[in-house]
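>>> 3D, please:
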Amino acid sequence: MLPFFKSTSKLLVATALVATFGSSSLMAEVKDKFQVSWTIYVGWMPWDYAQNQGIVDKWAKKYGIKIEMVQVNDYIESINQYTAGKFDGCLMTNMDALTIPAAGGVDSTALIMGDFSNGNDGIILKGKKSLADIKGQDVNLVELSVSHYLLARGLESVGMLERDVKVVNTSDADIVAAFSSKEVTAVTTWNPQLSELTSMKNANLVFDSSKIPGEIIDMLVVHTDTLKDNPKLAKALTGAWFEIMALMQKGDTKALEFMAKASGTDLAGYKSQLASTMMFYTPAEALTFAQSSALPKTMQKVSEFSFAHGLLGEGAPDAGFIGMEFPNGKTLGDKKNIKLRFIDTYVNMAKEGSL
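Numbering: from 1, shown residues only. As a prediction, the model looks like this:
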């Protein structure tokens, strides 16, 4: 059992944003222009390339719509803005989808699960080589994000609890600079920041997401009502995604070099990050993961962590407060309060070539 460490900062921000934008912004409608937010991460750089090379536009045009991929510099801020209704879709992890939009009462659907972190998230210590040495240290990370989850899972692996360290909330945009200071001795973060930090003198990677495969999932999330009213959006996004996946699977140098440069590294650096990312290059691979029995089990762990940290809302009585739906009609948690849905509909269409 994880210790209770109550903090609802993300949820409070998201709720405030919803109030600011007004409930009308969250009302779905049939429309022809959409915006999807994204932030720099190895598994999400394909969207930048797809936008830049006209792949997104090509698929959008096929369905008579327009789609704009909008880069946001701060990851949590991008999700908060999505939750408030500013964006129709957003790239985020499975945990953040549960603890920000879903916990904020916003019904969301994981349209595409593109990959899971298989070493792209990690814990780094300065001058120490064992995770056990983290005891008593301040740990800088994006509080209540997947980094926080990774830290908890790492501590669990060496028989420690969160009370054995002190979490210091630090934006992903500031994490590298923070570690460069004398005061900061431990951080938890994701790529590309992780790769930059591991290249620094005296920095040691002591735990990473390859130890918990399949638990940190990178997804394209869309407002459920928007998806229901605009299936063309789902078809266009899914078609564009697997077109660029096909190029990457072939090792298209032009595409990979673009993604590398856009993410602040070189081709070798980007390929290194890809090596620690379990990408689903084909619809069949993505479909297998979406339909696996492991997915609900993973989300059970995530919901328990989230409840223990007060991330499911002030009135949440237990870890099953927010209901989740999976392919083939499977559910987890409160069936009357389903706010996060994992679907295989459009990925299956991509597999069958019917997009």
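
>>> number of nearby residues for the closest residue to Ile65 other than its chain neighbours?
Spatial nearest neighbour of Ile65, excluding adjacent residues (C-beta to C-beta, 6 or more residues apart in numbering): Asp32 at 4.7 Å. C-beta: built from backbone N, CA, C; applies to glycine. Applying other C-beta atoms under 10 Å, we find 13 other residues in the vicinity of Asp32.

>>> got it, and the one 3 residues further on?
Gln35 has 16 neighbouring residues, counting by other C-beta under 10 Å.

>>> which residues touch it?
Residues near Gln35 by C-beta atoms under 8 Å, 6 or more residues apart in numbering: 67-70, 86-89.

>>> sorry, back to before: contacts only, for the residue nearest to Ile65.
64-66.

>>> out of these, which is nearest to Leu340?
Using C-beta to C-beta, Ile65 comes nearest to Leu340 of the contacts of Asp32, at 24.8 Å.

>>> is it true that the closest one touches Lys33?
Yes: in this structure, Ile65 is within contact of Lys33 by C-beta atoms under 8 Å, at 7.0 Å.

>>> more neighbours, the two?
Ile65 (17 against 10).

>>> what sits against the more buried one?
Taking C-beta under 8 Å, 6+ apart as the test, what Ile65 contacts is 32-34, 230, 232-233, 236.

>>> domain parsing for this protein?
9-116+216-352, 121-211 (automatic domain parsing).

>>> output those in a markdown table; the columns should cover mean pLDDT.
What follows is those, written out as a markdown table (pLDDT from 0 to 100):
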| stretch | mean pLDDT |
| --- | --- |
| domain 9-116+216-352 | 92 |
| domain 121-211 | 94 |
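
>>> out of the contacts of Asp32, which sit inside helices?
Applying DSSP state H to those, no entry is found in helices.

>>> and the residue nearest to Ser306 when sequence neighbours are not counted, how many residues sit next to it?
Nearest non-adjacent residue to Ser306, counting by C-beta to C-beta, 6+ apart: Thr99, 5.0 Å away. Neighbour count of Thr99, defined by other C-beta under 10 Å: 33.

>>> Thr99 and Thr93, how far apart?
Thr99 sits 10 Å away from Thr93, going by C-beta to C-beta, to the nearest Å.

>>> can you check which strand is longest in this protein?
strand 108-117 (DSSP state E).

>>> so what does it touch, helix or strand wise?
When contacts are defined as 3 or more C-beta pairs under 8 Å, 6 or more residues apart in numbering; DSSP states H and E, strand 108-117 sits against helix 94-97, strand 217-223, helix 224-229, helix 231-249, strand 277-279, helix 283-290, strand 338-342, helix 345-352.

>>> of all those, which lies closest to Trp38?
strand 217-223 (8.8 Å).

>>> put the alpha carbons of the closest one into CSV.
Provided in CSV are the C-alpha atoms of strand 217-223 (Å, rounded to 0.1, in the frame of the first residue of the first chain):
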residue,chain,number,x,y,z
ILE,A,217,1.6,4.4,-21.9
ASP,A,218,1.8,7.3,-24.3
MET,A,219,-1.6,8.1,-25.8
LEU,A,220,-3.6,10.4,-28.1
VAL,A,221,-6.6,11.4,-26.0
VAL,A,222,-9.7,13.0,-27.4
HIS,A,223,-12.9,14.4,-25.8
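
>>> okay, now the sheet partners of it, with direction.
strand 89-93 (antiparallel), strand 108-117 (antiparallel) (DSSP bridges).

>>> quick one: the shortest one to helix 231-249, angle?
If I follow you right, that is strand 89-93. Angle, strand 89-93 to helix 231-249, by axes from the mean of the first three to the mean of the last three C-alpha atoms, to 10 degrees: 50 degrees.

>>> restrict strand 89-93 to CA atoms and write it as CSV.
Listed next in CSV are the C-alpha coordinates belonging to strand 89-93 (Å, rounded to 0.1, in the frame of the first residue of the first chain):
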residue,chain,number,x,y,z
GLY,A,89,-7.2,16.2,-28.3
CYS,A,90,-4.0,16.0,-26.4
LEU,A,91,-1.0,13.7,-26.2
MET,A,92,-0.6,12.4,-22.6
THR,A,93,0.1,9.3,-20.6
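
>>> ok, residues contacting it?
Residues from elsewhere that reach strand 89-93, judged by C-beta under 8 Å, 6+ apart: 34-39, 41, 44, 47, 75, 78-79, 81-82, 100, 111, 145-146, 216-223, 226, 233, 237.

>>> rerun at 6 Å
Residues outside strand 89-93 that contact it (C-beta atoms under 6 Å, 6 or more residues apart in numbering) are 36-38, 44, 78-79, 82, 146, 216, 220-222.

>>> rebuild those as JSON lines, extending it with neighbour count.
Shown next, in JSON lines, are the contacts of strand 89-93 (neighbours: other C-beta atoms under 10 Å):
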{"residue": "Val36", "neighbour count": "24"}
{"residue": "Ser37", "neighbour count": "22"}
{"residue": "Trp38", "neighbour count": "23"}
{"residue": "Trp44", "neighbour count": "21"}
{"residue": "Ser78", "neighbour count": "23"}
{"residue": "Ile79", "neighbour count": "29"}
{"residue": "Tyr82", "neighbour count": "29"}
{"residue": "Val146", "neighbour count": "27"}
{"residue": "Ile216", "neighbour count": "24"}
{"residue": "Leu220", "neighbour count": "22"}
{"residue": "Val221", "neighbour count": "30"}
{"residue": "Val222", "neighbour count": "27"}
